[in-house]
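# Below are the sequence and a predicted model for it; my questions follow.
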Amino acid sequence: MKKLLAVTLGILTAIGGFVDIGDLVTNALVGARFGMRLAWVVVVGVIGICLYAEMSGRVVAMSGRPVFDLIRERLGRRTGLFALIASFLVTLLTLIAEIGGVALAFELASGVNYLLWMPLAAIAVWLVIWRVKFSHLEKVFGLLGLLLIVFAVALWKLGPNWGQLAHQVTHPVPTGHETWLTYAYYAIALFGAAMTPYEVFFFSSGGVEEKWSRNDLGTERANVYLGFPLGGLLSLAIAGCTAVLYLPAGIKVETLGQVTLPTAVALGKLGLAIVLVGVFAATFGAALETALSCGYTIAQYFGWQWGKFVRPRQASRFHLIIVICLALSILVLLTAVDPVKVTEYSVVFAAMALPLTYLPILIIANDPDYMGESTNGRVLNFLALIYLGLLLLASIAAIPLMIVTKAGQ
Amino acid sequence: MRLSDLLGVRVVDARGNNVGTVADVRLVQDGPLQQSKQAALRVDGLIVVERRVTRLFGYERHVGPALLRRIVHSRLGAVRYLPWQDIEHLSPDLVRSRSTDLQPFEELPTRLDPHQLPSH
Amino acid sequence: MTGKILHAQLHLMDRQLIEYRSGALLGKVDDVELDLRSEIPVVAALISGHQRIPAADIAEIDSAVKITPYQLNLTKGDDWVEQHLIGKIPGAGNETE
């Protein structure tokens, strides 16, 4: 149990990458349209984020420097500012969507319109950041988010034709009306979500909050190698459920209600209740992750005091950024924009931010000034370079694909 | 003089031939003792790259991954070292060397000695 | 003295400035002032925003630059926000629970 509690940072970080509100809907939508034919992308994404999150965590343990310090240091003020703007916008758009997501979960549970829940959700997120210790926050929301494992139970209970699912996994091509373009668009969306930059911002800054030192390399690795594969597993389970339930009937997934329905079908009211708590925890956890990451990135770029390891008044600008971002979220959501749609546009900024985020991590994980003896090995560098190439490819293709497919339609 | 004004300045050799631009300044902590009882950071010389690039990403030293280093180096061209005592003229527009033949930076001693690198 | 070797841009520019004793984060190194006119050319100061940090204030250089700024206040921005905004919210001075 103690071991499980030590890896909640990794779990909470992974929730933001794999099962936040945008991903909940995307995973379900992909399952309903492509079956498990895009499952390989999730696996590729899990390996990629494991490689780079481990490097960023190791840099923190060895040198105490979080990811945005590295970006500013190796890319300089100008390119660093460009990376800051792009990654901050991804993070802010996701935060806006998560606040909406928390409110949507409450709407599903209560029947009261999400617009009424939304300001409460934003205030609750702020209160938790203002008053709750980092280690408590990651434990509560990391562990509660694991309730989404109910999707895996639901999939098993639905009694699918496993042979057919396996066939889809091993035949990764679009079928039916789907074209290679929409297939590629969703492949990049899933890959980009798995490696979304705020995961490494949050994970590495969380390492500083937890005061990792070189003695914590084991904890750091356990967080990575348990947290992210768990996130990937949840994401696959969701796609599996909708592949079984919606794909044969040709139903398209557009709402959060449709995402949660398979658990109700398989497990009745109890399943629905559990999944609603899970969705609430995952979106709330992702809201905490992105709200904190908004503060982390800006404060680290400028060198301001940040973090929950000091009292709020000592990191006043950091807390001010978070308050402003949450206020902005309320204002944007009040325009009645669809919270799920908001994350679609974040792909554009993610495309610009991805290579600029991961290149400095790779360079510094090889620098003995920072790492002493714990620099990357050859195999790790080889794999990391392949992923850097993939990220570059995805970032070049993302925007044209989004335009050509009209965001996957 | 500010470091940012020195980076990117054109460097020529004694005959006036272009050598490249200033990419970094090598410091050695053996200067005069300061009030803090620490030796000052003495300017030992300039790292000069053939093409006009202002960021070396730390790849003037031998750190990995090899492929990235090779890509960066192919953009830099030759990396040379201009020791401080060989500088004849230095201004925000031009640096002129006394010698006609600049030493490649990689041949410098202590480069590979990890104990010389700042560690923690 | 050890004769430690540093590259000015690589090891100083854009590094985090940290208060040597308290560990407080103070800003970034935006530029380095070199004194090239004296007999032995040296690093004279670090520049952070509009502030000039004399080289004598540098205590340690590793993955960050640790300084003991005797006569400088590098946290004016944080102080202003603290006094006028964040400090007025209840619980600003408390440890989190």
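Thanks, I have the structure now.
# Quick check: chain neighbours aside, which residue is closest to the residue of the stretch 101-250 of chain A found nearest chain C?
Proximity of the stretch 101-250 of chain A to chain C (Cβ to the nearest Cβ) peaks at A:Lys133, 4.5 Å away. From N, CA and C alone the C-beta is placed, and that goes for glycine too. Leaving aside its sequence neighbours, A:Lys133 sits nearest to C:Thr96 (Cβ to Cβ, 6 or more residues apart in numbering or on different chains; 4.5 Å).
# Quick check: end-to-end length of stretch C:15-23?
Taking Cα to Cα, to the nearest Å, stretch C:15-23 runs 14 Å from one end to the other.
# Make sure the residue nearest to A:Lys133 is actually in contact with A:Val310.
No. Using Cβ atoms under 8 Å as the test, C:Thr96 is too far from A:Val310 to be in contact (9.7 Å).
# For residue 50, give me its contacts.
As the question left the chain open, I've gone with chain A. A:224-225, A:228-229 (Cβ atoms under 8 Å, 6 or more residues apart in numbering or on different chains).
# looking at chain B here, not the other one
With contact set as Cβ under 8 Å, 6+ apart, B:Glu50 has these partners: B:19-20, B:76-80.
# Please report how far the residue lying farthest from the centre of chain B lies from chain A.
Going by Cα atoms, centre = their mean, the residue of chain B most distant from its centre is B:Gln35, 27.7 Å out. As for B:Gln35, its distance to chain A is 25 Å (criterion: Cβ to the nearest Cβ, to the nearest Å).
# helix, strand or coil for that residue?
Following DSSP: H, G, I helix; E, B strand; the rest coil, the label given to B:Gln35 is coil.
# ok so, going back, so what pLDDT did the residue of the stretch 101-250 of chain A closest to chain C get?
We have a pLDDT of 95 for A:Lys133.
# what does C:Thr2 give?
C:Thr2 carries a pLDDT value of 62.
# re the thing from before, where does the residue nearest to A:Lys133 sit, in terms of helix or strand?
Applying DSSP states H and E as the criterion places C:Thr96 outside every helix and strand.
# beta partners of the spatially most central residue of chain C?
A centroid search over chain C (Cα atoms, centre = their mean) returns C:Leu17, at 3.4 Å, as the residue closest to the centre. Beta-bridge partners of C:Leu17, counted by DSSP bridges, are C:Gly27, C:Val65.
# and it, what is it in contact with?
A:303, C:25-29, C:46, C:48, C:53, C:64-65, C:67, C:74.
# could those residues go into CSV alongside pLDDT?
Formatted as CSV, the contacts of C:Leu17 follow (pLDDT from 0 to 100):
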residue, pLDDT
A:Gly303, 97
C:Leu25, 96
C:Leu26, 95
C:Gly27, 96
C:Lys28, 97
C:Val29, 97
C:Leu46, 97
C:Ser48, 95
C:Ile53, 95
C:Ala64, 96
C:Val65, 96
C:Ile67, 95
C:Leu74, 86
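# ok, these vs A:Glu107, which is closest?
Of all the contacts of C:Leu17, C:Leu25 has the smallest distance to A:Glu107: 40.4 Å, by Cβ to Cβ.
# residues in contact with that closest one?
Per Cβ under 8 Å, 6+ apart, neighbours of C:Leu25: A:299, A:303-306, C:16-19.
# A:Leu75 too?
A:Leu75 is in contact with A:83, A:356, A:359-360, B:55, counting by Cβ under 8 Å, 6+ apart.
# Over to A:Asp23?
Taking Cβ under 8 Å, 6+ apart as the test, what A:Asp23 contacts is A:17, A:193, A:235.
# Touching, the last one and A:Val42? I think so.
Yes. The criterion here is Cβ under 8 Å, and A:Ser235 meets it with A:Val42 at 5.4 Å.
# Distance of whichever residue of chain B sits closest to chain A relative to chain C?
Per Cβ to the nearest Cβ, B:Pro65 is where chain B lies closest to chain A, at 3.8 Å. Distance from B:Pro65 to chain C, counting by Cβ to the nearest Cβ: 17 Å.
# Based on its surroundings, how many neighbours for the residue lying closest to A:Ala184 once chain neighbours are set aside?
Leaving aside its sequence neighbours, A:Ala184 sits nearest to A:Leu401 (Cβ to Cβ, 6+ apart; 5.8 Å). Look at A:Leu401: counted by other Cβ atoms under 10 Å in any protein chain shown, it has 22 neighbours.
# now C:Ala24
Per other Cβ under 10 Å, the neighbour tally for C:Ala24 reads 16.
# And the pLDDT at it?
95.
# go on, A:Pro197?
A:Pro197 is assigned 95 on the pLDDT scale.
# Help me confirm that it comes into contact with A:Pro360.
No. Judged on Cβ under 8 Å, A:Pro197 makes no contact with A:Pro360 at a distance of 11.5 Å.
# helices or strands next to the longest strand along chain C in the packing?
Secondary structure assigned by DSSP state E gives strand C:42-48 as the longest strand of chain C. When contacts are defined as 3 or more Cβ pairs under 8 Å, 6 or more residues apart in numbering or on different chains; DSSP states H and E, strand C:42-48 sits against strand B:42-49, strand C:25-28, strand C:31-35, strand C:51-54.
# Nearest to A:Trp117, out of these?
Relative to A:Trp117, the nearest member of the helices and strands packed on strand C:42-48 by Cβ to Cβ is strand C:25-28, separated by 36.0 Å.
# give the contact list for A:Ala398.
Counted by Cβ under 8 Å, 6+ apart, A:Ala398 has contacts A:188, A:192, A:347-348, A:350-351.
# near chain A, anything from stretch C:70-85?
Yes. Contact of stretch C:70-85 with chain A (Cβ under 8 Å from any Cβ of the partner chain) involves C:75, C:77-79, C:81-82, C:85.
# Mind checking which of those land in helices?
Judged by DSSP state H, helices contain the following of those: C:77-79, C:81-82.
# can I get the residues you listed in TSV with neighbour count, distance to A:Leu267 and pLDDT?
Formatted as TSV, these follow (neighbours: other Cβ atoms under 10 Å in any protein chain shown; distance: Cβ to Cβ, whole Å; pLDDT from 0 to 100):
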residue	neighbour count	distance to A:Leu267	pLDDT
C:Gly77	15	53	88
C:Asp78	24	51	89
C:Asp79	14	55	90
C:Val81	21	49	94
C:Glu82	22	50	93
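# Can you tell me which of these is nearest chain B?
Each of those was scored against chain B by Cβ to the nearest Cβ, and C:Gly77 proved nearest at 22.1 Å.
# How much space separates the nearest residue to the closest one once chain neighbours are set aside from chain B?
Nearest non-adjacent residue to C:Gly77, counting by Cβ to Cβ, 6+ apart: A:Arg317, 6.3 Å away. To chain B, A:Arg317 is 25 Å away according to Cβ to the nearest Cβ.
# Is A:Arg317 within a helix or a strand, and which one?
Residue-wise, A:Arg317 maps onto helix A:316-334 under DSSP H and E.
# Distance from the chain centre to that helix, please.
Centroid displacement of helix A:316-334 relative to its chain, using Cα atoms, centre = their mean, to the nearest Å, is 20 Å.
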